[in-house]
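S.K.: Okay, sequence plus prediction incoming.
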Amino acid sequence: MRDIRISRLEVSRLKNYHTHTFRCKHAEGDAIDYAQGALRKGITVLGMTDHTALPDDRWLGMRMAYSELSSYVEAIERAQTYYPELTILKGMECEWSQDYQQFFVDVLLGEYNFDYLILGCHFFPYQGSFLSSHSGLYNEKRLVAYTDYLIKSMESKLFAFVAHPDLFGLSYLTWDANTEAAARDILSAAQELQIPLEINGYGLMRKIIETPEGSRSAYPWLNFWEIARDYAVTVVVNSDAHHPRDLDLGLREGLEIVETLGLQLADLEHLQRR
């Protein structure tokens, strides 16, 4: 068992598919800084996935402007040129909407030839407006709306994996029948669509909250991942780094969750061959 754990740990530590640059306004560093950090930490596959620019500059407070899209691509390609010994992948973390479907297909995956996109559902529609998934998920109706929208986003089949699917743990504080139903719906959809789900290192290490049940990481919420054992789903472990020094944030601890619960790691090697 010890040898298996070490093997899985090394696979995770050497590959990180979820990172952010200064353009999202809540991170530091650019692609070249992350490349240098990856080499220092022994990471061989580095995925750059800043919060995507959108053609209408929606939710601009936590993502790059559309005018920055070209410079983001150029920064990644420059890092690829400077550090050919490191596999650097060009990606984006996206809010899905039918309004943006063709933009993702034609511009990001088409014109700019992104290697992959990841789904990060930070907003969800509710009663005619969009609410924050970080703070707005504190009752059953809102949790159902988030879950339904996340699954609809997954059904677009645009994404390599789902970032922090259990993000609702930030504001829905107590595990109950509603959270179990949400977890099972998300896990069932991931199984059917064969889309991996992420154990998020940033949430694990930096989002510790107080709840009526005691202290816990807001996400990953362990109860969610215990239920994942009932489904044929695969898992990725990423740092969700917002600074180059955090490129390995939570990877060891996330892999321990995978190992302890007997979850299956996803194989993302195909992203390097797109």
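M.R.: Yep, it's here.

S.K.: Can you show me the helices along the stretch 151-274 of the chain?
M.R.: Using DSSP state H, counting those that start in this stretch, the helices assigned to the stretch 151-274 of the chain run over residues 177-193, 201-206, 222-227, 251-261.

S.K.: give me the low-pLDDT residue ranges for the stretch 1-150 of the chain?
M.R.: Along the stretch 1-150 of the chain, segments meeting pLDDT under 70 span 1-13.

S.K.: how about the strands in it?
M.R.: Counting by DSSP state E, counting those that start in this stretch, the stretch 1-150 of the chain forms strands over residues 15-16, 45-51, 87-94, 116-119, 123-126, 129-132, given from the N-terminal end onward.

S.K.: Out of the ones you listed, which one sits most buried?
M.R.: Mean neighbour count (mean count of other Cβ atoms under 10 Å) peaks for strand 15-16 among the strands of the stretch 1-150 of the chain, with a mean of 27. Where C-beta positions appear, they are placed from N, C-alpha and C, glycine not excepted.

S.K.: now that strand: how far from the chain's centre is it?
M.R.: On the basis of Cα atoms, centre = their mean, to the nearest Å, the separation between the geometric centre of strand 15-16 and that of its chain is 12 Å.

S.K.: now for it, which elements pack on it?
M.R.: The helices and strands touching strand 15-16, judged by 3 or more Cβ pairs under 8 Å, 6 or more residues apart in numbering; DSSP states H and E, are strand 45-51.

S.K.: helices and strands around the strand it packs on, which ones?
M.R.: Under the contact criterion of 3+ Cβ pairs under 8 Å, 6+ apart, the helices and strands touching strand 45-51 comprise strand 15-16, helix 31-41, helix 69-82, strand 87-94.

S.K.: Give the pairing partners of that strand; include direction for each.
M.R.: The sheet places strand 45-51 alongside strand 15-16 (parallel), strand 87-94 (parallel), with pairing taken from DSSP bridges.

S.K.: Turn the ones you listed into a markdown table, including distance to Ser215.
M.R.: Converted to a markdown table, the strands paired with strand 45-51 look like this (distance: least, Cβ to Cβ, whole Å):
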| stretch | distance to Ser215 |
| --- | --- |
| strand 15-16 | 27 |
| strand 87-94 | 27 |
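
S.K.: Indicate which one of the ones you listed is closest to Gln36.
M.R.: Closest to Gln36 of those, according to Cβ to Cβ: strand 87-94, at 11.3 Å.

S.K.: Once you drop chain neighbours, what's closest to Glu264?
M.R.: Not Glu; residue 264 is Gln. Computed as Cβ to Cβ, 6 or more residues apart in numbering, the closest residue to Gln264 that is not its neighbour in sequence is Thr234, at 5.0 Å.
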